[in-house]
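> One predicted model, sequence on top.
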Amino acid sequence: MFFELTNENETLENVAVAPEIIAYDHMVYLALSEFFFDSGMSAYYKAGIFQMHIANDRMPKDMEMMLRTTYFATIMLLNPALMEAPLSLRLEVTAPPKTSIRTSGATVAMAAVVTVMLLPPGQPAVQLSSMTMRGVRIPLADGMDFVEEVVEYHNGYIVIGANLRFSRGLRDMIQTSLQ
């Protein structure tokens, strides 16, 4: 269970089932339950990691161009003089994400509010859009790849079996730490 150091007693109920691992002669087997993902995402949510505000110099040029293109007609209808005003993008997850693992696959449900605003200098901000979105990506650690992987979805947990391939930098790091 992931938890906040300031509140170690606040935990999620673990309702995970015991995983069954069927050998496929791979190097590594890993069984992860919904509880593993939910507790981690709950800790990130409580820490405020799932909130982001991008404006002014923090706004990448390609994102700014995409937003200006998307909201061109809206800006022109509101006030063409605002066309050059800086843009703001705010992303805020409104509840801890919830993982669902079934035999058909895994999904992560996340309720987030995305707000796009114009920030005209010396004037109040102008909201262009506010929408709800869903989705999250869980990457592998840097320098590690699964090859010949077998992924099994069960009700409440996922089993991953694979051979590991390490990049040269990670292999060197492991060998150095063993010496």
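Looks like it arrived, so ask away. Numbers count the residues shown, from 1 in each chain.

> Which strand or helix spans Arg68?
helix 61-70 (DSSP states H and E).

> just checking, next helix/strand downstream of that helix?
Next along from helix 61-70, by DSSP H and E: helix 72-78.

> From the contact counts, what lies against that following helix?
Helices and strands touching helix 72-78, by 3 or more C-beta pairs under 8 Å, 6 or more residues apart in numbering; DSSP states H and E, are strand 126-133. Where C-beta positions appear, they are placed from N, C-alpha and C, glycine not excepted.

> by contact count, what packs against the strand it packs on?
helix 72-78, strand 112-118.

> So which residues make contact with the first one?
By C-beta atoms under 8 Å, 6 or more residues apart in numbering, the surrounding residues in contact with helix 72-78 are Arg68, Leu82, Met83, Leu118, Val126, Leu128, Ser129.

> buried subset of those residues?
Leu82, Leu118, Val126, Leu128 (16 or more other C-beta atoms under 10 Å).

> Please convert the residues you listed to TSV, extending it with pLDDT and distance to Thr99.
Listed next are these as TSV, based on pLDDT from 0 to 100; distance: C-beta to C-beta, whole Å:
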residue	pLDDT	distance to Thr99
Leu82	93	41
Leu118	95	36
Val126	94	37
Leu128	95	32
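
> Closest one of those to Thr103?
Leu128 (41.8 Å; C-beta to C-beta).

> pretty sure that closest one contacts Met117?
Yes. Here Leu128 reaches Met117: they are 6.2 Å apart, a contact under C-beta atoms under 8 Å.

> The top helix by length along the chain packs against which elements?
Scanning the chain for the helix with the most residues, using DSSP state H, yields helix 34-46. With contacts defined as 3+ C-beta pairs under 8 Å, 6+ apart, the packing partners of helix 34-46 are strand 98-102.

> Pull the distance from the strand it packs on to the chain's centre.
Per C-alpha atoms, centre = their mean, to the nearest Å, the displacement of strand 98-102 from the mean C-alpha position of its chain is 15 Å.

> Check stretch 46-54 too.
Using C-alpha atoms, centre = their mean, the offset of stretch 46-54 from its chain centre is 11 Å.

> ok, and for that stretch, which residues are buried?
Lys46, Phe50, Ile54.

> so Glu148 touches Val28, yeah?
No. Under the criterion of C-beta under 8 Å, Glu148 is not in contact with Val28, lying 10.8 Å apart.
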